[in-house]
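1. Quick check, what structure comes out for this input:
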Amino acid sequence: YQGAGGTISLLVGVGSRNESLDVSDGGNVTLIAGESTDPLSAGGNVNIVAGHGSSEDTEDGGNGGAIVIIAGYASGQNVRDVGGDVNITAGEAAVGKGGNINIFSGD
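-> Below is the predicted model:
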């Protein structure tokens, strides 16, 4: 097929307290955006929102899920062919401190 790639939207199941399990984390998501072989086009974007730790327990409430991202590799053989950008907003916290941003830039 030729032309633009499609869009995928996913929602992974909610983790809820289960007395027979030690942990009840929300489901993980691993995505790889569409590749573009057109010389003048870019690979697909990935937009991700990590899971909401929604427990308001005062002893040890929910923690927000982490985001791990690797931006797209540029195979072009010209100095104008650059690796993909990473745009991140760390998670807010109702009472504790907001999430950190750890970035490792490309060469």
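
2. how about low-confidence regions in this protein?
-> Within the chain, the segments meeting pLDDT under 70 span 1, 21-23, 48, 69, 107.

3. switch to 80 and redo it
-> Residues of the chain that meet the criterion pLDDT under 80 lie in 1-11, 13-31, 46-49, 67-69, 87-88, 103, 105-107.

4. Okay, strands next: where are they in it?
-> In the chain, no strands are defined using DSSP state E.

5. list the contacts for the closest residue to Ala42 other than its chain neighbours?
-> Spatial nearest neighbour of Ala42, chain neighbours left out: Ser36 (6.1 Å); criterion: C-beta to C-beta, 6 or more residues apart in numbering. (Each C-beta comes from the backbone N, C-alpha and C, glycine too.) Shown in contact with Ser36 (C-beta atoms under 8 Å, 6 or more residues apart in numbering): Gly5, Ala42, Gly43, Gly44.

6. Could you measure from Ser36 over to Ser105?
-> 23 Å (C-beta to C-beta, to the nearest Å).

7. Kindly report the same for Gly62.
-> The spacing between Gly62 and Ser105, counted by C-beta to C-beta, is 31 Å.

8. the more surrounded of those two?
-> Higher neighbour count among Gly62 and Ser105: Gly62, with 15 against 7, using other C-beta atoms under 10 Å.

9. give me the number of residues near Ser16?
-> Counted by other C-beta under 10 Å, the residues lying close to Ser16 total 9.

10. Let me know how buried the spatially closest residue to Val12 that is not a sequence neighbour is, in neighbour terms.
-> Leaving aside its sequence neighbours, Val12 sits nearest to Gly27 (C-beta to C-beta, 6+ apart; 3.2 Å). Counted with other C-beta under 10 Å, the neighbours of Gly27 add up to 12.

11. pretty sure Gly27 is touching Leu11, no?
-> No - assessed by C-beta atoms under 8 Å, Gly27 is found out of contact with Leu11, at 9.0 Å.

12. ok, Ala74 - how many residues close by?
-> A count of nearby residues for Ala74, using other C-beta under 10 Å, gives 15.
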